[in-house]
Every structure is written in C-alpha cells, then in structure tokens.
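1. pasted the sequence and its predicted model underneath.
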Amino acid sequence: MTANFEIRSVESDSATEIYISATPGQAVSLHDQAREIFSGIRDTLHSKEAYILQERVFSTLPATDTIRQARSEAYGELDDGVAPSFLVAAEGSSGPIAGVQVHAISTNNKPEVVSLDQTGCGRILRTPGCTILTLSGISAPHAGSNTEQARIMMEKGESVLKQFGADFLSVPRTWMWLKDILSWYDNFNKVRNDFFTERGLIGDGTRQSMPASTGIGLGPDNGGHCAMDLVAVLEPADCTEYLQVTGKQHCALNYGSAFSRASKSIMPAGQTVFVSGTASIDAGGATTHIGDAAGQINATIENVRAVLAEMQASEKDLVYVIAYCKTIEVEQLFNSIKGGLNWPWITVICDICRPDLLFEIEAAAMP
C-alpha cells in the first residue's frame with residue numbers, strides 16, 4: 001500500500017478517540033489512490049472497533065465521483081448514510097486527492113445518525129458524562145446569493161442543535177468552507193457577526209463565546225457558495241474555555257472576524273484543544289511577511305505553538321493538522337520545511353482569507 005496514514009488515538013475509561021489523516025501515495029491511478037485510502041480507513045476502524053464521528057475529503061471537483069464510489073465500495077456497512085464533507089481544492093503534488101481526515105470513536109455506544117430535511121447530516125454520541133454532536137456539510141446551495149446561503153446555513157445548523165435542546169453556545173468548533181472566499185469574506189463575516197450577536201455569543205454583556213473556527217477557500221462539491229461543519233458538546237454544559245489573545249495575536253473580533261483563537265472542551269476521551277485557522281497575522285491584525293512564503297510558514301507555525309502553550313498542550317498532543325497553501329509552489333516550499341515537525345499533516349491547496357496570505361494551519365490537540 002502506498003497511501004500514508006497518520007493515526008493518533010487517546011483513551012479514557014469510557015472511550016477511545018481516533019484521528020486518521022490519510023494521504024495518497026504516488027504513481028497510482030485516482031481510483032487506486034481512493035481505494036487504498038478508504039480501505040485503509042476501514043481496516044483501521046474495524047481493528048479498533050470504531051465508528052466515524054466526522055469525516056472530510058479534500059480533492060478536486062472532477063475527482064469526487066470516483067472518490068464517492070471508492071468510499072462506498074470500501075466502507076460497506078461502515079457507511080451509516082452520513083456523507084463526509086467533500087471540499088473542493090486545487091490539485092497539489094499528490095494529485096487530485098489532497099487527503100481524507102476522519103475523527104472516529106470506539107466506545108460501548110454507537111453514534112446515532114442525526115438528520116436534517118430527512119438526510120443524514122451528522123451524529124450524536126452519548127457516553128458516560130459526555131454527549132457530543134457533530135454536523136457535516138450543512139449548506140443551502142439553492143438559497144440565493146452567497147450571503148443568503150451563509151445565513152440559512154447558520155440557521156440550519158442552529159435548527160439541528162435545537163432538536164437536542166442546544167444552541168451555538170454549546171459549539172466549541174466550527175469550520176466554514178467558503179467558495180471564492182476572496183470575493184466575499186468580509187460579507188460572510190458580517191453575516192456571522194450579526195448571527196452571533198443576535199444569539200448572544202458576542203456583544204455587550206456577553207462572554208464572547210465564539211467557537212474556534214476555520215474560514216478557508218474551499219467550497220462544497222454541491223456547487224453552493226458555502227458549507228459548515230461543527231462540533232457541539234451537549235454534556236457537560238458550559239464546559240468550553242475560549243482563548244481570544246495569544247502570543248503575537250490579539251482578538252480576531254477586533255478586525256471583524258467572530259472566532260476565538262482556540263477553544264478547549266470536554267470530549268469523550270478527554271479534553272480537546274481546537275486550534276482555529278491560524279496565519280501570519282500580527283497583534284494589530286495585519287498580515288506579516290508579505291510576499292515571503294517561508295516567512296509566513298514559519299510565523300504561522302510559531303503562532304500555532306503559542307496557542308498550544310497557552311492552552312497547556314504540546315506538539316506531541318496534536319491529533320491532526322491541516323496546512324492550507326495558496327499555490328503548489330507554496331506547498332513545495334512547505335514540504336521542504338515541515339520535515340522537522342512530527343505533526344500529522346494533510347496539505348491542501350486553496351485560497352486563504354486574504355489575498356496577501358499564502359499559508360494557514362488548523363489543528364486539534366488532546367493533552
């Protein structure tokens with residue numbers, strides 16, 4: 001097998017959480033790449049008696065049909081009807097597939113499928129003392145303009161949370177997948193800011209309970225302008241800690257973006273630190289190392305390390321890391337730099353949220 005698998009797991013008395021970062025090998029066909037990846041994920045899950053909680057596929061748009069078929073063939077009964085988030089990237093050095101990232105769980109209780117509009121959109125898992133909900137690919141591709149789609153996407157996510165007596169105050173982590181991000185990121189931020197203000201997450205008298213988040217230039221494969229993934233912790237209540245300021249970076253809300261630098265929450269196998277999409281941005285919110293990809297890469301890595309330190313986590317606690325590179329040239333440079341880091345990488349080529357940003361990292365760690 002030529003595919004590469006980084007598997008990180010953390011165990012508690014009641015559950016084992018497993019993170020799989022799978023990337024394709026070289027010099028095989030697209031179908032063989034996909035078959036190897038999903039067969040490897042299947043075998044890992046079977047060996048650990050584990051079930052999928054959340055799954056993401058990063059690939060080019062023309063590759064998605066082949067990938068769906070290979071996934072279906074490999075998973076068999078593992079497929080509970082909840083589709084992964086299929087996220088459209090540019091082709092990188094590994095070919096049409098950048099990678100597949102899976103968060104799975106081994107516990108006495110099997111995750112239950114959660115539905116929206118009669119379609120599986122996520123899972124709820126109840127373990128002793130901890131209940132979590134994951135949603136994947138929430139979108140409204142037929143709702144009109146990009147901002148209208150964003151608003152309805154947020155409302156759809158909220159409607160599922162309400163099914164379980166929860167709201168966005170229960171959400172430590174979101175992912176905002178934004179097609180053509182550079183053309184409307186400011187407008188997206190206004191939609192999110194307004195939504196969070198109306199819901200009491202931000203604004204006067206609030207705790208600024210903004211989820212950690214990634215907002216990145218990857219659209220959903222359904223043609224919509226945006227899609228959202230999230231993780232909510234329904235039990236224990238109010239267990240999330242939010243980090244607004246760290247190292248060289250101040251609160252992102254100061255420059256109009258409603259997310260925390262990181263959050264830390266109780267998960268089935270222990271505490272998880274969710275590191276937001278992090279880039280080469282200074283305390284005043286300005287891009288640094290403009291035009292210098294190596295400078296941005298190194299600054300971003302240092303900013304991630306600062307977040308981990310602030311949240312009492314270390315690099316060895318990382319369970320997955322995704323690097324977003326603006327071009328294949330940035331990816332090639334990054335590949336020459338990342339060798340000294342034993343981090344579980346997937347590398348994806350796409351636009352970052354500003355024209356002058358070349359690189360971004362998101363991660364999770366389980367101290």
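-> Looks like it came in fine.

2. please enumerate the helices of the stretch 51-200 of the chain.
-> 64-75, 146-163, 185-198 (DSSP state H, counting those that start in this stretch).

3. same for the host helix or strand of Val307, what does it pack against?
-> Assigned by DSSP states H and E, Val307 falls within helix 293-310. When contacts are defined as 3 or more C-beta pairs under 8 Å, 6 or more residues apart in numbering; DSSP states H and E, helix 293-310 packs onto strand 270-278, helix 328-337, strand 359-365. All C-beta spots, glycine's among them, are computed from the backbone N, C-alpha and C.

4. for the lowest-mean-pLDDT helix or strand in the chain, buried residues please.
-> The least trusted helix or strand in the chain, going by mean pLDDT, DSSP states H and E, turns out to be strand 241-243, with a mean of 82. Residues Tyr242, Leu243 are the ones in strand 241-243 that count as buried (16 or more other C-beta atoms under 10 Å).

5. after that strand, next one along is what?
-> strand 262-267.

6. what lines up beside that next one in the sheet?
-> When pairing is defined by DSSP bridges, strand 262-267 lines up against strand 241-243 (antiparallel), strand 270-278 (antiparallel).

7. worst mean pLDDT among these?
-> Among the strands paired with strand 262-267, strand 241-243 carries the lowest mean pLDDT, a mean of 82.

8. what sits up against that one?
-> 207-210, 212, 260-265, 307, 310-311 (C-beta atoms under 8 Å, 6 or more residues apart in numbering).

9. just the buried ones from those residues, in ChimeraX syntax?
-> Buried residues among those (16+ other C-beta under 10 Å), as a ChimeraX selection:
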select :209,210,212,260,261,262,263,264,265,307,310,311
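
10. of the contacts of strand 241-243, closest to Ala150?
-> Nearest to Ala150 out of the contacts of strand 241-243 is Met210 (C-beta to C-beta; 16.1 Å).

11. surely that closest one touches Arg199?
-> No: the criterion here is C-beta atoms under 8 Å, and Met210 misses it with Arg199 at 10.9 Å.

12. now for Leu116: which residues touch it?
-> So Leu116 contacts Ile138, Lys156, Ser159, Val160 (C-beta under 8 Å, 6+ apart).

13. what is the neighbour count of the first one?
-> Put plainly, it is Ile138. Using other C-beta atoms under 10 Å, Ile138 has 26 other residues around it.

14. repeat for Ser106
-> 18.

15. can you check the pLDDT for it?
-> Looking at Ser106, the pLDDT reads 97.

16. one more: Lys248?
-> 63.

17. now swap in Ala258 and tell me
-> 62.

18. try Gly340
-> For Gly340, pLDDT reads 87.

19. go on, the one 5 residues further on?
-> pLDDT, Trp345: 96.

20. are we agreed that Asp229 is in a strand?
-> Yes: per DSSP: H, G, I helix; E, B strand; the rest coil, Asp229 lies within a strand segment.

21. Throw the helices of the stretch 51-200 of the chain into a markdown table and include mean pLDDT and mean neighbour count, thanks.
-> Output for the helices of the stretch 51-200 of the chain, formatted as a markdown table (pLDDT from 0 to 100; neighbours: other C-beta atoms under 10 Å):
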| stretch | mean pLDDT | mean neighbour count |
| --- | --- | --- |
| helix 64-75 | 97 | 17 |
| helix 146-163 | 97 | 19 |
| helix 185-198 | 93 | 18 |
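
22. nearest to Ala98, out of those helices?
-> helix 64-75 (11.1 Å).

23. what's the closest one packed up against?
-> Using 3+ C-beta pairs under 8 Å, 6+ apart, helix 64-75 sits against helix 30-47, strand 51-59, strand 85-88.

24. and with 7 Å instead?
-> Applying 3 or more C-beta pairs under 7 Å, 6 or more residues apart in numbering; DSSP states H and E, we find helix 64-75 packed against helix 30-47.

25. find the centremost residue of the chain, please.
-> Nearest to the mean C-alpha position of the chain, by C-alpha atoms, centre = their mean, lies Trp175 at 5.1 Å.

26. and the gap between the residue lying closest to it once chain neighbours are set aside and Pro84?
-> Take Trp175 and drop its neighbours on the chain: the residue closest to it by C-beta to C-beta, 6 or more residues apart in numbering is Asp229, 4.1 Å away. Applying C-beta to C-beta, to the nearest Å, the value for Asp229 to Pro84 is 10 Å.

27. picking that back up, how about CSV for the contacts of strand 241-243, with distance to Leu45 added?
-> Shown next, in CSV, are the contacts of strand 241-243 (distance: C-beta to C-beta, whole Å):
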residue, distance to Leu45
Arg207, 37
Gln208, 37
Ser209, 33
Met210, 33
Ala212, 26
Ser260, 31
Arg261, 32
Ala262, 28
Ser263, 27
Lys264, 27
Ser265, 24
Val307, 30
Glu310, 33
Met311, 29
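
28. please identify which pair of the contacts of strand 241-243 lies farthest apart.
-> Between all members of these, the farthest pair (by C-beta to C-beta) comes out as Arg207 and Val307, at 19.2 Å.

29. so Trp175 bridges to which residues?
-> Going by DSSP bridges, Trp175 forms beta bridges with Thr214, Asp229.
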